[in-house]
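Undergrad: Whatever this is, show me its structure:
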Amino acid sequence: MTNLEKNKKSVVAFFTRAFNDHEPADAVAKYVGSRYIQHNPDTPDGPAAFVESTKKFIAQNPKVSVDIKRVIAEGNLVVTHDLVKVSPEHRGLAGIDIFRLENGKIVEHWDARQPIPEKAANQNTMF
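TA: Now for the predicted structure:
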């Protein structure tokens, strides 16, 4: 298995463990490096801050789920194209998450999200 494939598997496992399994501390322990640089303005830097922020988010949204639609890797970056739903009936948010890895561990994160509208100006989906 190439490093790209390993990195992709690590990111998918991290996302799944943190948000779908509701185990952010375990996800960090397994897949995040000793430092975690966060570019989302709602979350402070650091692995512990991610755990606390995610625990609060899950407490507020106990049925949250992430459905990863695509995973792209190049160099030490992995990008996911994903659907985040705070509940089964929620229309959801289309998202792009970018992770930078060092030695197989996640050390940096960027993201962008937009709500899925009820009506679109075209027949395409967001995925």
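Undergrad: got the contact list for the residue most central in space within the chain?
TA: Most central residue of the chain, judged by C-alpha distance to the mean C-alpha position with CA atoms, centre = their mean, is F15 at 4.9 Å. The contact partners of F15, by CB atoms under 8 Å, 6 or more residues apart in numbering, come to 27, 66, 68, 80, 82, 97. All C-beta spots, glycine's among them, are computed from the backbone N, C-alpha and C.
Undergrad: any idea which helix or strand carries the fourth one?
TA: Which is T80. strand 77-85 (DSSP states H and E).
Undergrad: which parts of that strand are buried?
TA: Within strand 77-85, the residues that count as buried by 16 or more other CB atoms under 10 Å are 77-80, 82-85.
Undergrad: secondary structure element for the closest residue to L83 other than its chain neighbours?
TA: Among residues not flanking L83 along the chain, D67 sits closest, at 4.4 Å (CB to CB, 6 or more residues apart in numbering). Taking DSSP H and E as the definition, D67 sits inside strand 65-74.
Undergrad: what about the strands in the protein?
TA: 32-38, 65-74, 77-85, 93-102, 105-115 (DSSP state E).
Undergrad: on that earlier part again, the inter-axis angle of the strand holding T80 versus strand 93-102?
TA: 150 degrees (axes from the mean of the first three to the mean of the last three CA atoms, to 10 degrees).
Undergrad: Can you report how many residues lie near I68?
TA: For I68, the neighbour count with other CB atoms under 10 Å is 17.
Undergrad: I meant to write D45 there.
TA: Neighbourhood size, D45 [other CB under 10 Å]: 14.
Undergrad: again, but for the one 3 residues further on
TA: For A48, the number of neighbouring residues by other CB under 10 Å comes to 12.
Undergrad: cool, and the one 3 residues further on?
TA: Here the count is done by other CB under 10 Å, and V51 has 20 residues near it.
Undergrad: pLDDT at it, what is it?
TA: On pLDDT, V51 comes in at 97.
Undergrad: Touching, it and A25? I think so.
TA: Yes - using CB atoms under 8 Å, V51 makes contact with A25 at a distance of 5.0 Å.
Undergrad: got a list of what A25 touches?
TA: 51, 55.
Undergrad: No more questions from me, cheers.
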